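Q: next come a sequence and a model predicted from it.
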Amino acid sequence: MLIRLYELVVERSDFIFSVAHVSVAYQAGQRVLDDATFAFPAGSINGLIGPNGAGKSTLLRAVLNMIPHQGQGYLDDIPLAAVAKDIAYVAQTSRIDLTFPITVLGCVLLGTYPRLALLQRPRERERRAARSALAEVDMLDFQQRQIGQLSGGQLQRVFLARCLVQHARLIILDEPFAGIDAHSEQVMMALLRTLAHNGETILMVHHDLKTVPAYFDNVALINRRVIAAGPTATAFTDDALRQAYGLADVGGDRQ
Ligand SMILES: Nc1ncnc2c1ncn2[C@@H]1O[C@H](COP(=O)(O)OP(=O)(O)OP(=O)(O)O)[C@@H](O)[C@H]1O
């Protein structure tokens, strides 16, 4: 039987996003993710950290009900499957079909669909919101460009604009900074901080260990299982990093 995390360790109201006992086996009997359990408070920026193949994308795809899994993700007390419109998700760029014919503006408008009535198309109000979000990520000049004609950093900024118009309560980003330049990264981090300040909760896969303390309020370090989770100051320790990455000395990577 599923035991909810908050019943074990915390007051329920402290945490908005929780992952409870999530396990995944792509092949029978071979778990790539084993009983992942952690929780983060509302209005926080949270890093999902671990080496290649640790199960980070798998965890995200499991809680988003995109793959078969055990366990569950929750927003407040509610399984994520029941609050899909409150969740914005941006997959790894490598998983996105960039040959799909859609303009930058059209892509951002997709973020408005969860809150439109059935079969309703975006109206001028939604188009204004989409243009304003594009301006915030400095991509308004590209609004008529096909998404397949953008650089990696430009693409990530467009996807962040799509999150902005969705007004999601939980934003899940899988390696948004992979291969992007320092300027794009700073633009996106500043926006994410504003969103968190406004109460949105962000979970992001991130690989650059050096920037973890500056970027994240909390982290979950995983390698097939959760090694450590909680406030960055207490969970992101050399010992936890050694366990997650299996390295003799990881100190140099985080200076
Ligand atoms: N569709 C799949 N079928 C079978 N095995 C898979 C599948 N997707 C991922 N895996 C395996 O599951 C494990 C976890 O993969 P996952 O993509 O979740 O890791 P990750 O932590 O996101 O890695 P990276 O940092 O390289 O993106 C890996 O061993 C991977 O090979």
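A: Ah, there it is. Because the structure is predicted, anything quoted here is derived from the model rather than measured.
Q: what about the stretch 51-200 of the chain, any weak spots by pLDDT?
A: Scanning the stretch 51-200 of the chain for pLDDT under 70 picks out 116-119.
Q: what segments of it are strands?
A: In the stretch 51-200 of the chain, the segments counted as strands under DSSP state E, counting those that start in this stretch are 70-75, 78-79, 87-90, 170-173.
Q: nearest to R225, of the ones you listed?
A: Between R225 and those, the tightest spacing by C-beta to C-beta is seen for strand 70-75, at 12.3 Å. C-beta coordinates here come from the backbone N, C-alpha and C atoms, glycine included.
Q: all helices of the stretch 101-250 of the chain, in order?
A: Here the stretch 101-250 of the chain has its helices, by DSSP state H, counting those that start in this stretch, at 104-109, 124-136, 152-166, 182-197, 212-215, 232-235, 238-245.
Q: want to throw those into a markdown table with distance to M66 and mean neighbour count?
A: Converted to a markdown table, the helices of the stretch 101-250 of the chain look like this (distance: least, C-beta to C-beta, whole Å; neighbours: other C-beta atoms under 10 Å):
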| stretch | distance to M66 | mean neighbour count |
| --- | --- | --- |
| helix 104-109 | 19 | 23 |
| helix 124-136 | 25 | 17 |
| helix 152-166 | 17 | 24 |
| helix 182-197 | 23 | 16 |
| helix 212-215 | 25 | 15 |
| helix 232-235 | 26 | 16 |
| helix 238-245 | 24 | 17 |
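Q: nearest to the ligand, of these?
A: Each of the helices of the stretch 101-250 of the chain has some distance to the ligand by C-beta to the nearest ligand atom; the shortest is helix 238-245, at 10.5 Å.
Q: just the CA trace of the closest one, in CSV.
A: In CSV, the C-alpha atoms belonging to helix 238-245 read as follows (Å, rounded to 0.1, in the frame of the first residue of the first chain):
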residue,chain,number,x,y,z
ASP,A,238,30.4,15.9,-1.0
ASP,A,239,29.4,12.6,0.5
ALA,A,240,26.1,12.6,-1.4
LEU,A,241,27.8,13.6,-4.6
ARG,A,242,30.3,10.8,-4.2
GLN,A,243,27.5,8.3,-3.7
ALA,A,244,25.5,9.6,-6.6
TYR,A,245,28.4,9.9,-9.1
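Q: which positions in the stretch 51-200 of the chain make contact with the ligand?
A: Within the stretch 51-200 of the chain, the positions near the ligand by C-beta under 6 Å from any ligand atom are N52, G53, A54, G55, K56, S57, T58.
Q: which of these are buried?
A: A54, G55, K56, S57, T58 (16 or more other C-beta atoms under 10 Å).
Q: for the nearest residue to the first one once chain neighbours are set aside, report the pLDDT, please.
A: It refers to A54. Closest residue in space to A54, ignoring its immediate chain neighbours: N223 at 4.5 Å, by C-beta to C-beta, 6 or more residues apart in numbering. On pLDDT, N223 comes in at 96.
Q: quick one: residues contacting N223.
A: For N223, the contact set (C-beta atoms under 8 Å, 6 or more residues apart in numbering) comprises G50, P51, A54, G55, Q243, A244, Y245, G246.
Q: same check on R95?
A: Taking C-beta under 8 Å, 6+ apart as the test, what R95 contacts is D174.
Q: likewise for the one 3 residues further on?
A: L98 makes contact with I147, G148, L155, according to C-beta under 8 Å, 6+ apart.
Q: cool, S23 as well?
A: So S23 contacts R31, L33, D34, D35, A36, H69, Q70, G71 (C-beta under 8 Å, 6+ apart).
Q: distance check, the last one against the ligand.
A: It refers to G71. When C-beta to the nearest ligand atom, to the nearest Å is the yardstick, G71 and the ligand sit 15 Å from each other.
Q: same question for the third one.
A: Separation of D34 from the ligand (C-beta to the nearest ligand atom): 11 Å.
Q: Three-state assignment for that residue, please.
A: strand (DSSP: H, G, I helix; E, B strand; the rest coil).
Q: neighbours of it, just the number please.
A: 16 (other C-beta atoms under 10 Å).
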